[in-house]
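Just the structure for this:
(chains A and B)
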Amino acid sequence: MNFDNLYGPIPKVETHNTVRAFKEKDGRYRLIGSQCADCGQIWFPRRFICPKCHNQNLQPYACAQEGEIVVSWVDNMGFPTIGYEDIDDRLIAMIRLDDGIHIIAEIAECKRVLPKGTRVQLVIRQQKRDDTGNLVYGYKFKISE
Amino acid sequence: MKRRSTVILKVYLPTTETEMATMEKKTKKVVVLSFAITDRGYPYDTPWRKITVDAFTKCLGQTRLRVEDIECGSVAYNERTISEAALGTQVADCLGLPMKCSMTPVSHACCGGGMALYNVWHYIASGRYDVGLVMTMQCSDLFDSMEAMNPIGNHSDYDYMLGFSHVEYSYLRDYLYREKYGYDVTPSAKWSQICHKFARLTPGATEYGKDMPSYADLSAVSDEGERARSATARGSTATATILVSEEKARELGIVDPITCYVSYAFRPPYIGNHFFYAGDPSYVPFDIAEQPAIMEAAKEVYRDAKITPEDIDVALVHDLSGFEGIMSLEGLGICPIGQGGNFVLAGNTDLGGKCPTNTHGGGIAYGHTSVGSDFQINMFEGILQLQGKAYGRQVEGAKVAVAQAYGTHHSLDIVSVLKKGDL
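Numbering: from 1, shown residues only, chains lettered A, B, ... in the order given. Next comes the predicted model:
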């Protein structure tokens, strides 16, 4: 986007904090989503009602930790979210896990676009330092060994 | 002792298709009475109240109505950029509206203006009110044009927290569309070129009065090329639109009124669900290279307005990149899915083409202000076209226009139909 037409400085604001991050730690550390005990449909991120059968009988579900790349691209367009400004170009991918769940994640230790179908596996990595100064950790993927 | 009579309440339930049809909801037609957008170039220290008042007074000044005639309203804003809570009351107070006037706040990112219209349209179509006000604003008070918007519409606990925003998804969407349907960047470059040409004919557009970019710049395969094919920021902007019922339009003696219809649909915000979502079977065949929420919204609003895509004379779509505009045309049914690139390359979005599109320059060249005016500029241009006032870029004989906008990465879409000669 062309910002030449804006007037004045651009201050930064933050929306997330440690408490909010803590509440979703199971999903962010271990890919815990939800499975509907009635219809069996699996979901990620976790849900409290099943959109398929509309029951609320959802149980924690550990998503598959391996999958394949649907599409990957390098995020270098210059609009990083807060906390990621100082991180170099990131390889981002849409990943289809082996159980059919689709998630977006960064590919660790790789900066080149990967072809569709590349096998990847879950890893935990440092993400950023949040507005309280705490480090945020979460899932990334790396090329399967 | 006096005996009390027994009253049996009967609940009538329709049982046949004919009975169901007669039970169909009746709505009043809604007429656009006046509209206004603020000029460009507000200094950074301009408060949101100033631009809001400017748009409102400019809009009201075109009518014979008084402030106290406004019965209801809705205001669209970004909750990240306006610190006041309960903003509806703040806006009603700021404009001096009567105490009985409701002003519903909505925050739906770039299609927030469309949602405000959606609210007021229903207030009037239901028959409860006759005069309604739609306000939108994007102000640089606490304004970071990208960062403030980035979490909105995302499943923020995951994608935003892990450093992703709808900006990533915009580029992903373009990339996937090209890969899936076999295009290089030329359709987007052609789209942008046509938009830039139209903007040079549209006073008020961000690119109005500037030199045309070269086609080589617009078609460059580089970061600079991507930016050239993307939207242009417009800065602080507010709009105002006054809608009236058909009875009020007749009472006011409106000549050649423009009626409007509007519909809305959403997609599950988490981006993974755009690739597979079991909650609604109609989503399953699509990923983010198609726009099922636009299709859903269009289906409903076309039915309400009693039109088909073939009836559309001019389309005004939300194009933060050329390919997004192209995908919107496909979602609206103006061209087949996957054929939008060829549709544009054949010149069909230019004057004289099958469906002239974004004749004001669109987000690419009129300017992008998100909730400030992204939907409204499309709607206003549609009205000008139907009124025959789009000088220099007029689509001859235009009677039906469609205006569309989306919020963040198409997690919500608004489609509106504007008709001439409908009353």
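
could you pull out the helices for the chain?
I'll assume chain A. A:18-23, A:25-30 (DSSP state H).

actually chain B
Applying DSSP H to chain B gives helices spanning B:17-22, B:48-60, B:87-95, B:112-125, B:166-181, B:186-199, B:215-218, B:223-228, B:246-251, B:292-305, B:322-331, B:340-345, B:362-365, B:374-387.

So which elements touch the longest one?
In this case it means helix B:166-181. In terms of contacts (3 or more Cβ pairs under 8 Å, 6 or more residues apart in numbering or on different chains; DSSP states H and E), helix B:166-181 is packed against strand A:66-75, strand A:90-97, helix B:322-331. For every residue, glycine as well, the C-beta is placed using N, CA and C.

Do the last one and chain A come into contact?
No: remark: helix B:322-331 sits outside contact range of chain A, by Cβ under 8 Å from any Cβ of the partner chain, the gap being at least 12.4 Å.

okay, the angle between that helix and helix B:186-199?
90 degrees (axes from the mean of the first three to the mean of the last three Cα atoms, to 10 degrees).

which strands and helices sit next to helix B:322-331?
Partner elements for helix B:322-331 (3+ Cβ pairs under 8 Å, 6+ apart): helix B:166-181, helix B:186-199, helix B:292-305, helix B:340-345, helix B:362-365, strand B:400-407.

Burial check on residue 103, number of neighbours?
In the absence of a named chain, this looks at chain A. Neighbour count of A:Ile103, defined by other Cβ atoms under 10 Å in any protein chain shown: 27.

hmm, I had chain B in mind actually
What B:Met103 shows, counting by other Cβ under 10 Å, is a neighbour count of 25.

Check it and give its pLDDT.
Per-residue confidence (pLDDT) for B:Met103: 95.

show me what contacts it?
B:Met103 is in contact with B:Cys72, B:Gly73, B:Ser74, B:Val75, B:Gly88, B:Thr89, B:Val91, B:Ala92, B:Leu97, B:Leu133, B:Met135, counting by Cβ atoms under 8 Å, 6 or more residues apart in numbering or on different chains.

For chain A, give me the ranges with low pLDDT.
Low-confidence segments of chain A (pLDDT under 70): A:1-17, A:77.

same thing but at 90, please
Scanning chain A with the threshold set as pLDDT under 90 gives A:1-23, A:73-90, A:111, A:127-136, A:145.

Go ahead and flag the most central residue of it.
Centroid check for chain A by Cα atoms, centre = their mean gives A:Ala105 as the closest residue, at 4.3 Å.

Give the closest residue to that residue in space, chain neighbours not counted.
Counting by Cβ to Cβ, 6 or more residues apart in numbering or on different chains, A:Ala105 lies nearest to A:Phe141, which is 5.0 Å off, once chain neighbours are set aside.

What of B:Gln376?
Nearest to B:Gln376 is B:Thr239, by Cβ to Cβ, 6+ apart, at 4.1 Å.

For that neighbour, which residues count as its bridge partners?
For B:Thr239, the beta-bridge partners are B:Ile37, B:Thr136 (DSSP bridges).

That one contacts B:Asn378, correct?
No: counting by Cβ atoms under 8 Å, B:Asn378 is not a contact partner of B:Thr239; they are 11.1 Å apart.

Neighbour count for the two, which is higher?
Each of B:Thr239 and B:Asn378 has its neighbours counted (other Cβ under 10 Å); B:Thr239 has more, 32 against 29.

Report the separation between that one and B:Ala55.
Separation of B:Thr239 from B:Ala55 (Cβ to Cβ, to the nearest Å): 5 Å.

list residues touching both of these two?
Joint contacts of B:Thr239 and B:Ala55 (Cβ under 8 Å, 6+ apart) are B:Ala36, B:Ile37, B:Thr38, B:Met135, B:Met137.

Any idea which residue is closest to the centre of chain B?
Residue closest to the average C-alpha location in chain B (Cα atoms, centre = their mean): B:Phe375, at 2.8 Å.
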